[in-house]
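J.: just need the structure, nothing else, for what follows:
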Amino acid sequence: MSPAEAPITVQNRTILLVGQPNAGKTSLYNLLTGSRFKTVNYPGATVEYSVGTARKDLGLDVSIIDTPGIISLVPRSQDERVALSTLTETARIVEGSQGADLVVVAVDASQPQRHLVLVRQLQRAGARLVVALTMPDLAEKLGKPIDPGALSNYLNCPVVAVQGRTGLGLDALAQTIREDLLLGIAPATIELPEHVSQEQIGADFAWAEKIATAATRLQAGSARSPWSAGIDRVILHPMAGLLIFAALMTALFWSVFAAAAPFMDAVDGFFKAASTWCGAHLPDVWWAHLLADGVVAGGGSVLVFVPQIAILFLAMGLLEDSGYLARGAVLVDRPLSWLGLNGKSFVPMLSGYACAIPAAMAARTIPGRRERLLTLLMIPVMSCSARLPVWGLLLSFLVPANKSWIGGLAMTAIYLGSLVLASLVAVIGGKILRIEPSTSGFQIELPAWRLPVPRVILSSTWQRTKAYVTRAGGTILAISILFWFLMNMPSADHSFAETLGRLLSPLLAPMGLDWRVGMALIAAFAAREVFVASLAVVYAVQGGDEAVGGIVEAMRHATFDGTTTPVFTVATCVGIILFFIVSLQCLTTVAVMRREAGSWKFAAGQLAGLTTAGYVLAVIAVQTLRFFGIQ
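T.: Numbering: from 1, shown residues only. Now for the predicted structure:
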């Protein structure tokens, strides 16, 4: 396109993306901004607004705000309050903005009757609207395609069909937005209702039904494809569904250990070569030892587990994009009800396997305060990706290298064990929290089954893995360097770390650990994966010349000072695993828990309670195993 043909660029305007859960709103945000935020196939997955800038090639130099999914303009949960606040407080969110110049409403074309209710409410509130008709391909397959032109006439606002997964229709949407903004109309004042009566809601649904029917070009087809209904009959079966769910979760956790092994070996080989190069080419001075034993050994010992983390993100992305995640919530609703929770807790809990921070934020979608706090209590006990380096190291120590299937089963047992322990935390927490349960119950609309798009899944996996490395890398490097200085100053024989560690020895003895491991446990409160990096710094001087193999070999030869008693045994490794499952919250998680619960008392009590519980469980496990002759 020549400069003369280029569209006029709209500048200094603000657009809000609004829609009901699962409407495809975040996919639109990704397309309009070029962002790579993940799209979770579950109601309320976007729990905070995101601000981005439109892609320049669309001719829109505007700010775009992505909001959480909302059912109506009367909020029921915290994430809906966040979404509604953006409608009236846009000027506060975007510097220089005078308010929302335009509201783009995502409407699922395959189920317009429900989604058009929100359009009706927004129009009544005074918002200037453009309707983005998402998932038109699904409506076509169902034999009920929507005519955008007809719908536009009925709604008296622009309507554009857009496929969020492929980008088809995006240029037309951008042109419609551009033309509307070029009218130069001042931002509308949006007045939210304090209450919507049941009569009004009923009238809105009747109106939406009438409009959707009038704008639908009926074709031969059914409201639900036979193959989709057949799959759901199996997937949602009370018995078969739970067995399939258990098999999928087992395969997911097993693959984290077994399938990642070849990639881990490649990364491990790289850091072994780096360590060998340092030893051969660097002089025998303190900074060379810092580089080899602090930076290479410390950082490499964690980065070698990135393939496991990537596979975890990949597997979770497949569950999200296919539509299975919402069905998993339905399946576990009844078991969760025994804990005083419901299916809405499922996604935050499952997200906890990736990272506790977004998982805690996802708990905002839970309307009941008691259920939300119980979910927050459980999330730190779910085995997050930051613990993967710890599991990988300990299982490498315990499991023979030629029997990776045992390691896969052990990894599965760790994850399932964390789920059991998290459930116990919920039961105990339910006794402590003096809050009445919610009476809202659990309702969910199942999204259509869809084949995951490889480009979307791989991009999401890459971005989430890169975010993990970026977030953890700086912390790991800083603590590795600090730990090296503590271990070597004022001298390697009488270091600051040894002095502090020996003060903790009486507390560590019941767990069967020495002061070196104790110092690594303390460092892990900054970030869980730092435990591995700290051990690398502690034991690298004992001859380990590769990222994981060197640490494992050093662990096999590690003994208590002045004795031949080994520090690492089956019993002590089991104790460390239990301690990490229950106790170790990184400090960032503690801060997020305070924010999400709205109380330092909750966050401090959670930290103290879980740390104590983890320590007690570890001591009991170690002493019990030793009682039965397992060292």
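J.: how about S495, phi and psi?
T.: Backbone torsions for S495, taken as degrees, to the nearest 10, come to phi -90, psi 160.
J.: does it touch M487 like I think?
T.: Yes - at 5.2 Å, S495 counts as touching M487 under the criterion of Cβ atoms under 8 Å. The way it works is simple: take the backbone N, C-alpha and C, and place the C-beta from them, glycine included.
J.: those two - which one has more neighbours?
T.: M487 (22 against 18; other Cβ atoms under 10 Å).
J.: got phi/psi on that one?
T.: Dihedral angles (degrees, to the nearest 10) for M487: phi -80, psi -20.
J.: can you show me the strands along the protein?
T.: Listed in chain order, the strands of the chain (DSSP state E) span 10-19, 50-53, 60-66, 102-108, 129-134, 159-162.
J.: of all those, which one is nearest V420?
T.: With Cβ to Cβ as the measure, strand 50-53 is the member of the strands of the chain nearest V420 (35.0 Å).
J.: what about that closest one, average pLDDT?
T.: Mean per-residue pLDDT for strand 50-53: 81.
J.: cool, and stretch 27-46?
T.: Computed over stretch 27-46, the average pLDDT equals 59.
J.: ditto for stretch 372-382
T.: 91.
J.: cool, and stretch 607-620?
T.: The average pLDDT within stretch 607-620 is 94.
J.: pull out the buried positions in that stretch.
T.: Across stretch 607-620, burial judged by 16 or more other Cβ atoms under 10 Å covers 607, 609-611, 613-615, 617-619.
J.: may I have that stretch exported as PDB, CA atoms only?
T.: C-alpha atoms of stretch 607-620 as PDB (Å, rounded to 0.1, in the frame of the first residue of the first chain):
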ATOM      1  CA  LEU A 607       2.900 -18.400  55.800                       C
ATOM      2  CA  ALA A 608       3.500 -19.300  59.500                       C
ATOM      3  CA  GLY A 609       0.900 -22.100  59.500                       C
ATOM      4  CA  LEU A 610       2.100 -23.800  56.300                       C
ATOM      5  CA  THR A 611       5.800 -23.500  57.300                       C
ATOM      6  CA  THR A 612       5.100 -25.100  60.600                       C
ATOM      7  CA  ALA A 613       2.900 -27.800  59.100                       C
ATOM      8  CA  GLY A 614       5.600 -28.600  56.400                       C
ATOM      9  CA  TYR A 615       8.300 -28.800  59.100                       C
ATOM     10  CA  VAL A 616       6.200 -31.100  61.300                       C
ATOM     11  CA  LEU A 617       5.300 -33.400  58.300                       C
ATOM     12  CA  ALA A 618       8.900 -33.500  57.200                       C
ATOM     13  CA  VAL A 619      10.100 -34.500  60.700                       C
ATOM     14  CA  ILE A 620       7.400 -37.100  61.000                       C
END
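J.: circling back: could I get the strands of the chain as JSON lines with distance to S480 and mean neighbour count?
T.: Below are these laid out as JSON lines (distance: least, Cβ to Cβ, whole Å; neighbours: other Cβ atoms under 10 Å):
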{"stretch": "strand 10-19", "distance to S480": "41", "mean neighbour count": "22"}
{"stretch": "strand 50-53", "distance to S480": "33", "mean neighbour count": "16"}
{"stretch": "strand 60-66", "distance to S480": "37", "mean neighbour count": "23"}
{"stretch": "strand 102-108", "distance to S480": "45", "mean neighbour count": "26"}
{"stretch": "strand 129-134", "distance to S480": "46", "mean neighbour count": "25"}
{"stretch": "strand 159-162", "distance to S480": "47", "mean neighbour count": "24"}
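J.: any weak-confidence spans in the stretch 201-350 of the chain?
T.: 218-228, 293-294, 297-299, 301-302 (pLDDT under 70).
J.: quick one, helices of it?
T.: 226-235, 240-258, 261-281, 286-289, 297-303, 306-322, 324-337, 346-351 (DSSP state H, counting those that start in this stretch).
J.: with the stretch 451-600 of the chain instead?
T.: Counting by DSSP H, counting those that start in this stretch, the helices of the stretch 451-600 of the chain are 454-488, 496-508, 515-523, 530-539, 549-557, 570-582, 587-597, 600-627.
J.: show me what the last one packs onto, helices and strands only.
T.: What that stands for is helix 600-627. In terms of contacts (3 or more Cβ pairs under 8 Å, 6 or more residues apart in numbering; DSSP states H and E), helix 600-627 is packed against helix 369-378, helix 570-582, helix 587-597.
J.: could you dump the ones you listed to TSV with mean neighbour count?
T.: Shown next, in TSV, are the helices and strands packed on helix 600-627 (neighbours: other Cβ atoms under 10 Å):
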stretch	mean neighbour count
helix 369-378	24
helix 570-582	23
helix 587-597	18
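J.: out of those helices, nearest to W207?
T.: helix 369-378 (33.2 Å).
J.: which elements pack onto the closest one?
T.: helix 346-351, helix 404-432, helix 587-597, helix 600-627.
J.: next, format the ones you listed as JSON lines and append distance to R556.
T.: Formatted as JSON lines, these follow (distance: least, Cβ to Cβ, whole Å):
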{"stretch": "helix 346-351", "distance to R556": "36"}
{"stretch": "helix 404-432", "distance to R556": "17"}
{"stretch": "helix 587-597", "distance to R556": "32"}
{"stretch": "helix 600-627", "distance to R556": "18"}
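J.: mind checking those for the one nearest to V330?
T.: helix 346-351 (8.7 Å).
J.: show me what the closest one is packed up against.
T.: Counting contacts by 3+ Cβ pairs under 8 Å, 6+ apart, helix 346-351 packs against helix 324-337, helix 356-362, helix 369-378.
J.: make JSON lines out of those and add distance to Q113.
T.: Listed next are these as JSON lines, based on distance: least, Cβ to Cβ, whole Å:
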{"stretch": "helix 324-337", "distance to Q113": "19"}
{"stretch": "helix 356-362", "distance to Q113": "28"}
{"stretch": "helix 369-378", "distance to Q113": "29"}
